[in-house]
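Novice: got a sequence here, can you model it:
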Amino acid sequence: MSFFTKSRRKTWQRTGWVNVVLVIFLEIVLIAVLATSLARTGSSFVSSTIIYEGPCAKTKFLNTTLHLAINLISSGIAASSNYFMQVLCSPTREEIDKAHKSFRALDIGIPSLHNLKHVSRFKWISWLILIASSIPIHLFFNSSVFETNYQGSDWQLTIGTEQLVHGGPVILPGASLAPAGAWGPLCELSDSQTAYYCRYLNDQNTSWTADEIRGYGAPTRLEEYWNSSSTLRTKLDLAIASGHNWTRLSEDKCKTEYMKGNPRENFGNVIFIVAAANSSKCDWTRSELFDSTLFTNLSHFWDPLVPPDASNSLWYSTGCSTKRLWYEAKEDEDWSYDSNCDDLLGKSQWSSGIFSYPVLSYAKGETPQTLDFRHQFPGLDLRYCLAQPLDRQCKIGLVNPILATVILCGIIKLVVCSNALIRLDGRSLVTPGDTIESFITHPDECTIGLGTLDIVDLRNLARHEVTQGERSLLRTLPSPRLWTHTSRRRLLSAMTMAYWFFAHLLFFVALGALSIVLAISYHSNGNSFYTPGGAFGPAGRNLVASIGQPGYIGLLLIANTPQLLLSLIYFQYNAICTRLCSEAEWNSYGSIYTPLRVSQPVGQQTSTYRLQMPYRYGIPLIVASALLHWLLSNAIFTFITEGGYWKGVGGPLLGVASQLGLSDEDTIVALGYSPTAMLALLISALVFIPLPALVSFRKLKNAMVLGGSNSLIISATCHCYAASDCSSSCSDGLASASNQARDCPDPEHCTSNADIREDGNPSMETSLLADVSGISHSMLLAKSRSKIMWGAAPTSSKYQEMLRKDPPREGAGSDIFHLGFGCIHDDRHRPVDDVLYT
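Specialist: Model (predicted):
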């Protein structure tokens, strides 16, 4: 019961338990997903599971939904982890007091690596465990679910007249007498299927190997045309029977779709509807096409198959394959893809194609007469195309080992966070308001009389190692000083130039690296930022980086390490913005009476913002971070494509597809990049990064000491003196210095014999402590719970008398005022020039 009673004392603990419950729920969801995946046949902890296969449009929607859920879960776990990391680097009052004894300051209310060396071993070890367990989540969680795209490479090209799909006469292999894969008419595939034998010139046979003479499409034996179960015959019969129902494409759209190296995504097999140039004929006969004299010796072979005067609406049909070369993926370049039908369609530099002349291999050096074509036969005109709509099937996969790693990291976080909630017991000073309240109710002896202490003073003292035995170094600080900060300073002054430099060093490194990578991609893309096909991120025309063979995990590390770097940049950027907001809030106490912003408000106090940043800044910062992460994910990414469209060795990862439950034969797993997205990322970064620096040039509203996130400066402003209480209600709570020992809130802060000088008079610290201790703890507590303001108030006559004696100082005869916080009854006012303050 006592534990839960204590846990109610601090809001951050209750919020912490809410975060733990949230992470437990998320862990249960992830474990259930992993268990479902492992229950499928063939699945294991070291393999991947295909969890869905269907139309690509539906798969894309499902993938977006799953990644949205992943990002929500990841954000929930990260937010919970960040919350506890903020608490773990927040010091307790005891840790602050220990640092103050050596006059070292700790950071308050901001993310701080500096604090880790001053907090307990339990805190910094827990902090390190939390950040270490976050790295796999940032690197891999988003890749635990993958989507495969489909880009087909194989398609059947059939050429014929309009009568072909309307019941016209069809005689195989077609009017050209060229079998699929042949480079000319009257050719037959050898038994070894490596060479064609072409019969012409009085039945003389000449052969070329496939490597020497390139044919058109996939090589097919002539007898396959009369085998009704062969692949070629099946596709040809389907085209003839159902081609009239296919999508009609104009001549221009047809050439764009099938003659520019595009993958088969929307359309598959195609029928080119052609006609002889300057002719209205709807079919061909053998006698019209071939010279009967030269063809005499082959008549005994073709007469039974293709009668001389029989009409034929089919010209040619072959299986084509188009493959994108991974190392060159530029649009409208002949050498950027490889197609075995380019010669046929006139895209090759070696052939003008059937649209210029119907002789298939005319550009290979053969004359029409050599191939027995009649010279006067005109070329073919493309009228339109009939394209078969393609129902692409894509997949969603789950990488089991990555998901298991994420679950393990989540469990580690749960153990660390739960242990922190139990052991820290709510004593950490998470916000500046918590710290101000602590120092008002329990003043710090080490900063008594340092009301004018400023961040500039601490910079000057930073060169010295100040210990308890070297307090003489601080002798000038407790003495009254003339106020010289009437003019308003800029936010920039609250942080050193060294801090600004090192805080932005990571930004400069990242911008430099991005600029170098962008320059390389610009050069490799033909000195252009335009991504082939206009793609922004993963698409059909990706540019692929050659990264060797690091394996799938290595690929994810390469692709996602920039995401981790961007997360670090976000944390650093957030720290700068939090410092600026904290300083602006601190400065606001110098103009009006304002309630403290604490973890658990009491009285007139108000509740704290999430992570010390107002929502009007925090929400846009999160949106900007999400935008940059999205741009980065489109600038460099992994992509998985099935269908065999991609070709090459060196860019794609070999043997990885099988690890993902896919086929290595027609699947590419590679690292892609987009110069367009890189350029957008660079421009966005150049817009966002300078914003804090520009904001820091804004002048502060009040002439107040700087250093609202510095524990020494906060402590020095929180001493309330007995002489400063002017209301009768406050005067009743004053105690005399003689009752100091009885009323002291903390015995360690009370005067001892060591505070008495050799001449028997109390030291400056002792006199100041007497004034502080003269106020009861209940009154100090009431002050901290009311509206307070920083400003000047008169000091006691006894204290001013002491300053006139020890040490002598010019101007000590004038009135001396104290700078610090006070309630509305204290009548605080702004400091003015040429007046002494302490």
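
Novice: distance check, residue 679 against residue 520.
Specialist: According to C-beta to C-beta, to the nearest Å, residue 679 stands 13 Å off from residue 520. Backbone N, C-alpha and C define where each C-beta goes, glycine included.

Novice: which one of the two has more residues nearby?
Specialist: Per other C-beta atoms under 10 Å, whichever of residue 679 and residue 520 has more neighbours is residue 679, with 19 against 14.

Novice: name the SS class of residue 54, please.
Specialist: On the three-state scheme (DSSP: H, G, I helix; E, B strand; the rest coil), residue 54 is labelled strand.

Novice: that one touches residue 391, doesn't it?
Specialist: No - the pair residue 54 and residue 391 does not pass the contact test of C-beta atoms under 8 Å, sitting 9.9 Å apart.

Novice: give me the more crowded residue out of the two.
Specialist: Between residue 54 and residue 391, residue 54 has the larger neighbour count (other C-beta under 10 Å), namely 14 against 10.

Novice: what separation do you get for the spatially closest residue to the more buried one that is not a sequence neighbour and residue 56?
Specialist: Computed as C-beta to C-beta, 6 or more residues apart in numbering, the closest residue to residue 54 that is not its neighbour in sequence is residue 393, at 6.6 Å. Counting by C-beta to C-beta, the gap from residue 393 to residue 56 is 7 Å.

Novice: equivalent analysis for residue 658, please.
Specialist: 22 Å.

Novice: the bottom helix or strand of the protein by mean pLDDT?
Specialist: Lowest on mean pLDDT, DSSP states H and E among the helices and strands of the chain sits helix 740-743, with a mean of 35.

Novice: tell me the average confidence for stretch 572-588?
Specialist: Per-residue pLDDT values across stretch 572-588 average out to 87.

Novice: now the strands for the stretch 301-450 of the chain?
Specialist: In the stretch 301-450 of the chain, the segments counted as strands under DSSP state E, counting those that start in this stretch are 314-325, 337-339, 380-389, 393-399.

Novice: okay, those, which one's buried deepest?
Specialist: strand 314-325 (a mean of 24; mean count of other C-beta atoms under 10 Å).

Novice: quick one, helices of the stretch 1-150 of the chain?
Specialist: Assigned by DSSP state H, counting those that start in this stretch, the helices in the stretch 1-150 of the chain fall at 2-7, 11-38, 56-88, 93-100, 121-140.

Novice: about what we covered before: kindly reformat the strands of the stretch 301-450 of the chain as CSV containing mean pLDDT and distance to residue 456.
Specialist: Shown next, in CSV, are the strands of the stretch 301-450 of the chain (pLDDT from 0 to 100; distance: least, C-beta to C-beta, whole Å):
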stretch, mean pLDDT, distance to residue 456
strand 314-325, 86, 63
strand 337-339, 78, 66
strand 380-389, 89, 74
strand 393-399, 90, 54
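
Novice: what about the stretch 601-750 of the chain, any weak spots by pLDDT?
Specialist: Counting by pLDDT under 70, the stretch 601-750 of the chain has low-confidence residues at 608-612, 647-655, 722-750.

Novice: give me the buried positions along stretch 261-269.
Specialist: Buried residues in stretch 261-269, counted by 16 or more other C-beta atoms under 10 Å: 261-265, 267-269.

Novice: now it: how far from the chain's centre is it?
Specialist: Here stretch 261-269 is found 32 Å from its chain centre; the criterion is C-alpha atoms, centre = their mean, to the nearest Å.
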